[in-house]
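*Asks:* how would this look folded up:
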Amino acid sequence: MDEVKTEMKNEIKMKTGQTFPLTIKRLGINGEGVGYFKRKAVFVPGALPGEEITAEATNVQSKFTEARVKKIRKKSPHRVTPPCPIYERCGGCQLQHLDYKSQLVEKRSILVQALERYTSLNISDLNIKETIGMDDPWNYRNKAQFQTGTRDGQIIAGLYVPNSNRLVNIEECIVHRPVINETIEAVRQLMKDLAIPVYNANAKNGVKTIVVRAGFETGEVQAVVVTGSNDFPKASLFAAELMKRKPAVTSVMHNINPGKTHLVFGDVTKRIAGSETITEKLGEFEYDLSARAFFQLNPAQTEKLYDEVKKAANVSPTDKVADAYCGSGTIGLWIGRKAAEVRGMDTVAESIADARANAKKYGVKAKYETGPAEKWLPKWQQQGWTPDVLVTDPPRTGLDRKLIQTIKTVKPKTFIYVSCNPSTLAKDLAELVSEYKIEGIQPVDMFPQTAHVECVVTLKRKL
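*Replies:* The predicted structure follows:
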């Protein structure tokens, strides 16, 4: 009882600004160092496993504390100097201070921790492989979404500091393709030259976001200007001048997002100049990508990821393949070109149009529908069509609860789950293992310098 009272007293004493010694035990899901003080978890951005630090509390809660590094008393041998000059302010990357080989080790560890926390599975039985990394983990991103703002009367574009409304101006991002940085700068300069305003919340007009996507293999670039209203002054002049200054730009689009939302895009997209889409190549395939179509952000690693999916799915000529959250149909076409039929679904109509065009281009017998998988899979089953292989690549929120129940009802023999969030993956697997056996998990590093890790999970229906 005395020990409990002492513990409660120590907890009450902890307050913002307090400094204390801390040993970092592991990395958290967001790349922060995690240690324990007075039996309570402490999350410290920028700290690495094995380091002994002096921490300063920044946010004290009943179950955890957030802190910053005040002093490193024992440095990790894997700590390196981040090459980005705004790394600590931007928040776009979380692990530039950790050498790349160690990043791959820690990402597998983050996956293991999530499985240990959210499931009762025996980790040694899951066949979790080493993380597949990149030879050159820089300049890999094919898309940027920069918010606009003003500072000292000048237009700036970049990302918000995490958990704040402070916009960091980014002139060069070293994880983006150089042409993306150059195009964003050209857009920013044109806004200045043509007096095109940044977004004004009161007037609900002006430019909110600049979105640029580049085809690695084709070199084509699409620039999308997102505004808060239908009004885009001097749009035609803007597009013509942008394509003149940056000849790689082959598509200039205008998206309208009037709502106060965390979503970048609104529902309406208009072509200003050039084509509606740009083309990207992956392996033997070319994909037509519209402004809102989902496409993996790291093409080099995407080929490795899709090859792992293909190997895990092992599709035969008699197999029927379902591709949930199909986007532009990339995974379904990659693994199912020789299948009896591919069917896919997505809630974004533009993506379905792209998927249909891509399937037609390559002569793949495929059917794509707009709507959620939990709607189409049961409907197709009622019509006599049940997939032998199901592949899903959901957003970070994981599988919809209705879809999990649908999968357990439809019962495809092979289920390949591509995940970008270990926590939601683990929670979903905890519900699926009653019907499916996990045969293997392959982590893939799609986003070097960040805490994100992609996984390919192979599940087989229990007999």
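
*Asks:* Show me how far the strand or helix carrying residue 26 is from its chain's centre.
*Replies:* Applying DSSP states H and E as the criterion places residue 26 in strand 19-27. Taking Cα atoms, centre = their mean, to the nearest Å, one finds strand 19-27 lying 28 Å from the centre of the chain it belongs to.

*Asks:* Give me the next element, helix or strand, following the longest strand seen in the chain.
*Replies:* The longest strand of the chain (DSSP state E) is strand 64-74. Where DSSP H and E defines the elements, the next helix or strand beyond strand 64-74 is helix 87-90.

*Asks:* State the next helix or strand along the chain beyond that following helix.
*Replies:* Per DSSP H and E, the first helix or strand lying C-terminal to helix 87-90 is helix 100-118.

*Asks:* The nearest residue to residue 96 once chain neighbours are set aside: how many residues sit nearby?
*Replies:* Excluding its sequence neighbours, the residue lying closest to residue 96 (Cβ to Cβ, 6 or more residues apart in numbering) is residue 82, at 3.7 Å. Glycine gets a C-beta too; all of them are placed from N, C-alpha and C. Other residues lying near residue 82 total 17 when counted by other Cβ atoms under 10 Å.

*Asks:* Now do the contacts for residue 82.
*Replies:* 88, 93, 96, 97 (Cβ atoms under 8 Å, 6 or more residues apart in numbering).

*Asks:* 10 Å instead?
*Replies:* Residues near residue 82 by Cβ atoms under 10 Å, 6 or more residues apart in numbering: 46, 88, 93, 95, 96, 97, 98, 174, 449.

*Asks:* export those residues to TSV and tack on neighbour count, pLDDT and distance to residue 180?
*Replies:* Formatted as TSV, these follow (neighbours: other Cβ atoms under 10 Å; pLDDT from 0 to 100; distance: Cβ to Cβ, whole Å):
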residue	neighbour count	pLDDT	distance to residue 180
46	20	96	26
88	14	89	22
93	21	95	15
95	24	98	21
96	25	98	18
97	20	98	24
98	23	98	25
174	18	97	11
449	25	98	16
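
*Asks:* got the residues you listed as a markdown table, with distance to residue 273 columns?
*Replies:* Listed next are the contacts of residue 82 as a markdown table, based on distance: Cβ to Cβ, whole Å:
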| residue | distance to residue 273 |
| --- | --- |
| 46 | 44 |
| 88 | 39 |
| 93 | 33 |
| 95 | 39 |
| 96 | 37 |
| 97 | 42 |
| 98 | 43 |
| 174 | 30 |
| 449 | 34 |
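
*Asks:* among the residues you listed, which two are most distant?
*Replies:* 46 and 174 (18.2 Å; Cβ to Cβ).

*Asks:* Next, residue 179: secondary structure please.
*Replies:* Three-state call for residue 179 (DSSP: H, G, I helix; E, B strand; the rest coil): helix.

*Asks:* Name the nearest residue to it, sequence neighbours excluded.
*Replies:* Distances taken as Cβ to Cβ, 6+ apart put residue 214 closest to residue 179, at 5.2 Å, once the chain neighbours are dropped.

*Asks:* So for this structure, the centremost residue is which one?
*Replies:* The residue lying closest to the centre of the chain (Cα atoms, centre = their mean) is residue 420, at 6.4 Å.

*Asks:* who touches that residue in this structure?
*Replies:* 296, 393-396, 398, 444, 446-447, 452-455.

*Asks:* Look up how far residue 239 lies from residue 79.
*Replies:* Here the criterion is Cβ to Cβ, to the nearest Å. By it, residue 79 lies 46 Å from residue 239.

*Asks:* With neighbour numbers in mind, choose between these two.
*Replies:* Between residue 79 and residue 239, residue 239 has the larger neighbour count (other Cβ under 10 Å), namely 23 against 17.

*Asks:* my guess is the more buried one meets residue 245, correct?
*Replies:* No. Applying Cβ atoms under 10 Å, one finds residue 239 not in contact with residue 245, separated by 11.0 Å.

*Asks:* next SSE after the helix or strand encompassing residue 224?
*Replies:* Per DSSP H and E, residue 224 falls inside strand 221-227. The helix or strand immediately downstream of strand 221-227 is helix 235-245, counting by DSSP H and E.

*Asks:* pLDDT averaged over stretch 340-347, what's the number?
*Replies:* If you average the pLDDT over stretch 340-347, you get 96.

*Asks:* CA atoms only for it, dumped as PDB, please.
*Replies:* Extracted C-alpha coordinates of stretch 340-347, given in PDB (Å, rounded to 0.1, in the frame of the first residue of the first chain):
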ATOM      1  CA  ALA A 340      -9.800 -16.600 -65.300                       C
ATOM      2  CA  GLU A 341     -11.100 -13.200 -64.400                       C
ATOM      3  CA  VAL A 342     -10.300 -10.200 -62.200                       C
ATOM      4  CA  ARG A 343     -13.000  -8.200 -60.500                       C
ATOM      5  CA  GLY A 344     -12.300  -5.000 -58.400                       C
ATOM      6  CA  MET A 345     -14.100  -2.300 -56.600                       C
ATOM      7  CA  ASP A 346     -13.300   1.200 -55.200                       C
ATOM      8  CA  THR A 347     -15.400   4.100 -53.900                       C
END
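
*Asks:* Let's have the contacts of residue 420 in a markdown table, adding neighbour count and secondary structure.
*Replies:* Listed next are these as a markdown table, based on neighbours: other Cβ atoms under 10 Å; DSSP: H, G, I helix; E, B strand; the rest coil:
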| residue | neighbour count | secondary structure |
| --- | --- | --- |
| 296 | 23 | coil |
| 393 | 23 | coil |
| 394 | 20 | coil |
| 395 | 11 | coil |
| 396 | 11 | coil |
| 398 | 21 | coil |
| 444 | 26 | strand |
| 446 | 23 | coil |
| 447 | 23 | coil |
| 452 | 20 | coil |
| 453 | 26 | coil |
| 454 | 28 | strand |
| 455 | 26 | strand |
